[in-house]
Every structure is written in structure tokens, then in C-alpha cells.
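Asker: With the input below, show me the fold.
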Amino acid sequence: MPYITPQEREWIYQMLLNFWGKYNLTPGQLNYMITSILIDQYKENESYTKFNELIGVLECVKQELYRRVVIPYEDRKKEQNGDVYE
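Answerer: Just a heads-up that it's a prediction; the model follows:
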């Protein structure tokens, strides 16, 4: 997780709120938002290195979401409903 400063977090959060509105996006809208941001990052500077960096960012975001959000959710559901692997 990129642990940026609280000031940077607030600036990015406000920028996204002002640009996209409240975060109740459909999967298609979220995909479009992320794609638009990525295109803007490489549009002026296409290179394998840049593409590799962007793919790395996406992979880290995916892994962090899984580690911090999905695993605790699955653990709660396992406790609630029982373990499949008993």
C-alpha cells in the first residue's frame, strides 16, 4: 500500500470527489475511471517501462485489496457459516 502523507490523501480524495462525484460507481464506470487515469499516465510517454510500471501498480492494488479487504471478509464468513475445508 502506498502510505502517502495525510495531505496527499486528502488532496487526491478531494480531486476524485470533485471530478467523479460520490463513489457509488457501477463496475463499468469504475473500470472507465481507472482506464482513463492509466491512459493519461502513458499517453505522452509510451514505453515498455511505463506500461510495466502501470501493470505493477494494478497488480499491487489488486493484492492489497485482497489482503486487506477480501481475506478479513472471507474469515468472517467462515466463522459465520463454517469452514469448507473441515
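Asker: Could you report the separation of the residue located most distally from the centre of the chain from Leu54?
Answerer: Taking CA atoms, centre = their mean, the residue of the chain most remote from its mean C-alpha position is Glu86, at 33.0 Å. Using CB to CB, to the nearest Å, Glu86 is found at 42 Å from Leu54. C-beta coordinates here come from the backbone N, C-alpha and C atoms, glycine included.
Asker: where does Arg9 land on pLDDT?
Answerer: Looking at Arg9, its pLDDT stands at 90.
Asker: so where's this protein uncertain?
Answerer: 1, 20-23 (pLDDT under 70).
Asker: Which elements pack onto the longest helix anywhere in the chain?
Answerer: Counting by DSSP state H, the longest helix found in the chain is helix 48-65. If you count contacts as 3 or more CB pairs under 8 Å, 6 or more residues apart in numbering; DSSP states H and E, helix 48-65 packs onto helix 27-42.
Asker: Can you tell me what sits against the helix it packs on?
Answerer: Contact with helix 27-42 is made by Trp20, Leu25, Lys50, Phe51, Leu54, Leu58, as judged by CB atoms under 8 Å, 6 or more residues apart in numbering.
Asker: Quick check: the two most widely separated of those residues?
Answerer: Largest separation among those by CB to CB: Leu25 and Lys50, giving 25.7 Å.
Asker: residue contacts, the residue nearest the centre of the chain?
Answerer: Centroid check for the chain by CA atoms, centre = their mean gives Val61 as the closest residue, at 4.7 Å. By CB under 8 Å, 6+ apart, Val61 lies in contact with nothing.
Asker: Any figure for the gap between it and Gln7?
Answerer: In terms of CB to CB, Val61 sits 21 Å off from Gln7.
Asker: Could you do Glu74 as well?
Answerer: 34 Å.
Asker: Equivalent analysis for Asn31, please.
Answerer: Applying CB to CB, the value for Asn31 to Gln7 is 29 Å.
Asker: Of these two, which one has the most company?
Answerer: Asn31 (11 against 8; other CB atoms under 10 Å).
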